[in-house]
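Engineer: the following block contains a protein sequence and its predicted model.
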Amino acid sequence: MTRFKKMLAGTVIAVLILVPVYQLRHMLSAGDDGEDAMQMLYEVSLFQIEMLGHHLDDTARLRSTEELDMLKQTAYAAHYVHERLVRSTAGGKLSSLASLQELMAFILRLQIAGARELSATEQEGLQQLADAYDPLFASYRKMMASDGHLYASEVEAMQQADADLSNRLKQLQQYGAES
């Protein structure tokens, strides 16, 4: 029995030493937690972008400016979370999505006169936007690996799609201002 007690005491001492060492090692490896946090932030951002896509797909059924509120709120949430993701990436690897700001401005312009019916041209413009956002959404879905690494080609494709959309939204606003 004494040999068993010595082994048990040795095991207990080893556990008492190894557990704090393991915890200390885990605390000191904060870089891993940062990558996990960035991955989770990307997942939240992707969720908001996908929600925006669903709301844009629903624009075909919208008839009045009041019905644009959910689209505007979703665009704001997607923009807000994406900006936090941009701030969390090091070295400027990711940039803001100007088209989200332009989309919010476009919706605000449509709503500025209060509750009214959307014109056929406005409904057509919204539907065109829904289709035009697809390349941005496709690139966004594929831009980050599960380890937190950004794929440069997908980021470039997303930025190009964003620039195209931003220009398209500016054209729609100019056309709306002329009418």
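Structural biologist: That came through, no problem.

Engineer: going by C-alpha atoms from here, please, whenever you check contacts or count neighbours.
Structural biologist: OK.

Engineer: doesn't Ala113 lie inside a helix?
Structural biologist: No. Counting by DSSP: H, G, I helix; E, B strand; the rest coil, Ala113 is not part of a helix but coil.

Engineer: could you check how many residues crowd around it?
Structural biologist: Applying other CA atoms under 10 Å, we find 9 residues neighbouring Ala113.

Engineer: next up, phi/psi of it, please.
Structural biologist: Backbone torsions of Ala113, given as degrees, to the nearest 10, read phi -80, psi 0.

Engineer: for Leu150, same thing?
Structural biologist: The phi/psi pair for Leu150 (degrees, to the nearest 10) reads phi -90, psi 130.

Engineer: could you list the low-pLDDT ranges of the chain?
Structural biologist: Applying pLDDT under 70 to the chain picks out residues 1, 5, 8-9, 12, 14-16, 18-35, 175-179.

Engineer: and the helices in it?
Structural biologist: 2-28, 30-57, 69-88, 98-111, 120-132, 134-142, 152-178 (DSSP state H).

Engineer: now these as CSV including distance to Arg63 and mean neighbour count?
Structural biologist: Putting the helices of the chain into CSV (distance: least, CA to CA, whole Å; neighbours: other CA atoms under 10 Å) gives the following:
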stretch, distance to Arg63, mean neighbour count
helix 2-28, 55, 11
helix 30-57, 14, 17
helix 69-88, 12, 18
helix 98-111, 12, 19
helix 120-132, 8, 16
helix 134-142, 22, 18
helix 152-178, 17, 17
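
Engineer: Asp36 and Ser146 touch, don't they?
Structural biologist: No. Asp36 is beyond contact range of Ser146, at 9.2 Å (criterion: CA atoms under 8 Å).

Engineer: ok, Leu150 to Asp69 distance?
Structural biologist: Per CA to CA, to the nearest Å, Leu150 is found 32 Å from Asp69.

Engineer: what residue is smack in the middle of this structure?
Structural biologist: Against the mean C-alpha coordinate of the chain, by CA atoms, centre = their mean, the closest residue is Ser45 at 2.3 Å.
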